[in-house]
Structures are given as structure tokens and as C-alpha cells.
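Participant: Model the structure of this input:
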Amino acid sequence: MTTTPLLQVTDLTKHFPTRTSAFRSGGVVKAVDNVSFSVGAGQTLGLVGESGCGKSTTGRLLMRLLEPTSGSIKLDGREISELRRGDLQDYRRRVQMVFQNPSSSLNPRQSVGSAIAAPLLAQRINPPTGIKATVRDLMDRVGLRPDHYNRFPHEFSGGQKQRVGIARALALDPKLIICDEPVSALDVSVQAQVINLLEDIQRDTGVAYLFIAHDLSVVKHFAHRVAVMYLGRIMEHGDTREVFDNPRHPYTQALLSAVPQADPDADRSGRVRLAGDLPSPANPPSGCVFRSRCPLRLTLDEKSASRCADEVPAGSPACHHIDIDIEER
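Facilitator: Predicted structure coming up:
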């Protein structure tokens with residue numbers, strides 16, 4: 001018996017057109033290119049990768065802050081990629097977002113109480129206990145005091161501002177919250193507090209998270225499943241423990257080997273180092289987008305290398321030659 005996932009993303013694509021002049025269009029920037037994954041109810045999917053790989057764009061596509069070029073986004077089996085007006089407003093009751101920078105995501109002229117109440121007012125929801133009481137309850141849930149209600153964002157620390165953002169996302173009792181690097185701008189000790197808060201909320205409410213991050217240690221601790229993204233494509237996805245303990249794609253192996261180790265005596269001889277720079281999404285390599293930096297390319301014969309250039313690998317891991325050991329090169 002199979003269970004339909006809460007969120008099902010299939011071949012999601014977002015291409016941004018470029019212009020060579022005011023009157024002539026150029027090519028396209030392939031920010032997200034045929035991305036597929038799912039998020040189960042009450043679970044957390046960690047979406048990781050280098051800066052510029054398309055993680056945040058994916059999150060904005062799921063929120064419909066950006067219109068997808070093609071592909072399917074289904075929530076509870078319902079296609080939402082083409083929703084308009086009232087239907088889109090209803091969708092946003094069920095899907096909310098916590099942004100990366102807690103300072104820029106809050107209006108400096110709006111009190112904290114007003115910011116948390118804004119989703120309720122936008123959706124014309126009047127709770128039985130009243131909006132003010134509901135907002136105070138949300139503030140208490142995320143660890144803010146009642147006297148914070150009338151204060152303004154500049155009076156709060158970064159961690160407190162992010163708690164405000166989390167409270168605002170919880171206001172409509174969503175099924176899914178998209179967390180776009182919600183702890184990357186915070187101190188390490190504050191990061192742990194916010195992560196623990198998100199875990200407590202998930203345990204109490206059953207909300208699911210798409211957790212976008214580049215800090216692999218946070219994802220390993222927090223996510224049930226993980227998807228590794230590179231240049232707009234998913235390279236590998238699966239159970240978090242399985243991916244971290246036995247990474248199969250060369251990019252995943254390189255990403256994990258780059259995680260700093262606190263032990264100065266640790267053996268670093270097996271570290272995978274990538275050559276070259278990240279290609280431009282406006283002109284990605286043909287076939288496998290990772291082939292220009294792949295450590296396996298030095299071990300391949302001409303026929304195998306040609307396949308990498310001509311064919312886009314499918315499935316997970318997205319590699320034609322995953323049985324070759326990088327350390328054998």
C-alpha cells in the first residue's frame with residue numbers, strides 16, 4: 001500500500017530569459033531544470049547544494065512567488081502550478097514560508113503583533129478568541145513574551161526576529177512550511193535554538209518542512225530525507241542517513257568531504273577536491289551538468305566520456321558511472 005505524499009514535484013523547470021540588448025532577446029538562464037522530489041506529511045526534506053544552484057528559486061516556485069516555466073506541483077494530489085486568485089489564496093493558507101534574512105522579511109514600520117496578524121487579516125480569518133489573543137498564543141509558542149507585542153523589529157535580536165517569522169508562518173496552521181536557509185544568518189548557539197523550536201513545532205502540529213540549506217550538519221540533524229542540488233538539477237536524493245553514510249554521486253561525495261572537521265588529527269587523505277569553477281546556468285554543460293568538474297572524468301574512456309556529454313542521467317543518483325570509485329583514479 002502506497003501513501004500519496006503531501007507535496008509532489010515533477011519535472012519542475014524555471015528558465016529566465018536573457019537579453020543581449022534592449023530589443024534583442026538572448027538565451028535563457030536555467031535556474032531550475034527538471035527537478036523532481038516529494039515531501040511526506042509531517043516530514044522534513046533537506047534541499048542542499050552550493051550557492052547559486054537553484055535551491056531558493058525552487059522554494060519560491062513552490063510558493064508561487066515565481067511562475068514555473070513547466071512541470072507539475074501537487075499538494076495533496078491537487079495540481080497547483082496554474083492556480084489563480086481565490087484558489088491561489090486558499091493554497092497559501094496551507095503553504096507558508098520562512099525567509100533567510102529575518103530583518104529584511106519584516107516591515108520596520110510594523111509592530112511584531114501586526115506582522116504576525118497580517119496573514120489572518122489577508123485571509124479574512126477571525127479566530128473565535130480574537131486576532132490579538134491568537135497572535136499572543138503564537139508568540140508564546142515560539143518563545144516570545146507578551147510584552148513584545150507592540151515592539152518593532154529593530155528592538156529584537158536576529159534570533160528573535162526569526163521567531164517572529166516562524167510565528168507568522170504558523171498563523172494559518174499550514175500543512176507545509178518552506179524554510180529558506182532560516183538559520184544561516186544566525187549565530188551558532190541561536191541556530192540550535194531555532195532548529196529545536198522547529199522540531200518541537202513539527203512534533204506538536206505535524207507540519208512538514210522543505211528545509212533549504214547549505215549547512216550539511218544542520219540538515220543531517222534535522223531532515224528525514226535529503227536532496228542534493230547542483231546547477232538547477234537534483235544529483236541525488238534519499239533517506240538522510242543513507243545519503244550521508246553512503247553517498248553515491250560524485251558531487252555528493254565531494255560536498256560531504258568538504259565539511260570541516262573539528263579534529264586536527266583527522267585523516268583528510270580521502271577528501272574529494274573539485275577542479276574548476278561552477279559553470280554559468282546560462283550556459284551549462286551538455287548532458288550531465290556536473291561533468292566539467294567531475295573527478296570521475298579522468299578515469300573514463302572516450303566512449304564513456306562521450307555518454308556523459310550526450311545523455312542527461314536520470315534517477316538517483318543522476319550519474320552514468322556510479323560504480324566507479326573516485327579514489328581509484
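Participant: any idea how far residue 251 is from residue 272?
Facilitator: Distance of residue 251 to residue 272, computed by Cβ to Cβ, to the nearest Å: 9 Å. C-beta coordinates here come from the backbone N, C-alpha and C atoms, glycine included.
Participant: Outside of stretch 206-213 itself, list whatever touches it.
Facilitator: Stretch 206-213 is contacted by residues 6-7, 39-48, 55-56, 58-59, 62, 170, 174-184, 198, 201-202, 219, 222-223 when judged by Cβ atoms under 8 Å, 6 or more residues apart in numbering.
Participant: Which of those residues fall within helices?
Facilitator: 55, 56, 58, 59, 62, 170, 198, 201, 202, 219, 222 (DSSP state H).
Participant: Looks like residue 172 contacts residue 96 (just checking).
Facilitator: Yes: counting by Cβ atoms under 8 Å, residue 172 touches residue 96, with 6.4 Å between them.
Participant: Report the set of residues contacting both of these two.
Facilitator: Going by Cβ under 8 Å, 6+ apart, residues that sit against residue 172 and also against residue 96 are residue 119.
Participant: buried ones in the helix or strand harbouring residue 191?
Facilitator: In this assignment (DSSP states H and E), residue 191 forms part of helix 188-205. Neighbour-count burial for helix 188-205, counted by 16 or more other Cβ atoms under 10 Å, picks out 190, 191, 193, 194, 195, 197, 198, 201, 202.
Participant: That helix - contacts with which helices or strands?
Facilitator: helix 158-170, strand 208-213, helix 216-222 (3 or more Cβ pairs under 8 Å, 6 or more residues apart in numbering; DSSP states H and E).
Participant: Could you point out which residue ranges in the stretch 1-150 of the chain have low pLDDT?
Facilitator: 1-2, 20-25 (pLDDT under 70).
Participant: actually the stretch 201-329 of the chain, sorry about that
Facilitator: For the stretch 201-329 of the chain, the ranges with pLDDT under 70 are 262-270, 323-329.
Participant: Helices of the stretch 201-329 of the chain, residue ranges please.
Facilitator: Here the stretch 201-329 of the chain has its helices, by DSSP state H, counting those that start in this stretch, at 216-222, 240-245, 250-257, 302-310.
Participant: just so I know, which of the ones you listed lies nearest residue 231?
Facilitator: Nearest to residue 231 among the helices of the stretch 201-329 of the chain is helix 250-257 (9.5 Å), distances taken as Cβ to Cβ.
Participant: how about the buried residues of helix 188-205 in TSV, adding distance to residue 32?
Facilitator: As requested, the buried residues of helix 188-205 are exported to TSV (distance: Cβ to Cβ, whole Å):
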residue	distance to residue 32
190	30
191	27
193	32
194	27
195	26
197	29
198	25
201	28
202	26
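Participant: still on that earlier bit, may I ask which of the ones in helices among the contacts of stretch 206-213 has the most neighbours?
Facilitator: Highest neighbour count within the ones in helices among the contacts of stretch 206-213: residue 58, with 29 neighbours (other Cβ atoms under 10 Å).
Participant: List the residues that contact that one.
Facilitator: Residue 58 neighbours (Cβ under 8 Å, 6+ apart): 12, 32, 35, 47, 212, 229.
Participant: same thing but 6 Å
Facilitator: residue 32 (Cβ atoms under 6 Å, 6 or more residues apart in numbering).
Participant: How about residue 304: what's its closest non-neighbour residue?
Facilitator: Spatial nearest neighbour of residue 304, chain neighbours left out: residue 321 (6.3 Å); criterion: Cβ to Cβ, 6 or more residues apart in numbering.
Participant: number of nearby residues for that neighbour?
Facilitator: Counted with other Cβ under 10 Å, residue 321 comes out at 17.
Participant: so the nearest residue in space to residue 161 that is not next to it in sequence is in which element?
Facilitator: Using Cβ to Cβ, 6+ apart and skipping residues adjacent in sequence, the residue nearest residue 161 is residue 102, 3.5 Å away. Residue 102 belongs to no helix or strand when assigned by DSSP H and E.
Participant: my guess is residue 11 is in a helix, correct?
Facilitator: No: looking at residue 11 with DSSP: H, G, I helix; E, B strand; the rest coil, it is strand, so not inside a helix.
Participant: so it touches residue 34, yeah?
Facilitator: Yes: using Cβ atoms under 6 Å, residue 11 is in contact with residue 34, at 4.8 Å.
Participant: Between those two, point out the one with more neighbours.
Facilitator: The residue with more neighbours, out of residue 11 and residue 34, is residue 34; 16 against 12, by other Cβ under 10 Å.
Participant: on that earlier part again, most neighbours per residue, which of the helices of the stretch 201-329 of the chain?
Facilitator: Of all those, helix 250-257 carries the top mean neighbour count, a mean of 22, counting by mean count of other Cβ atoms under 10 Å.
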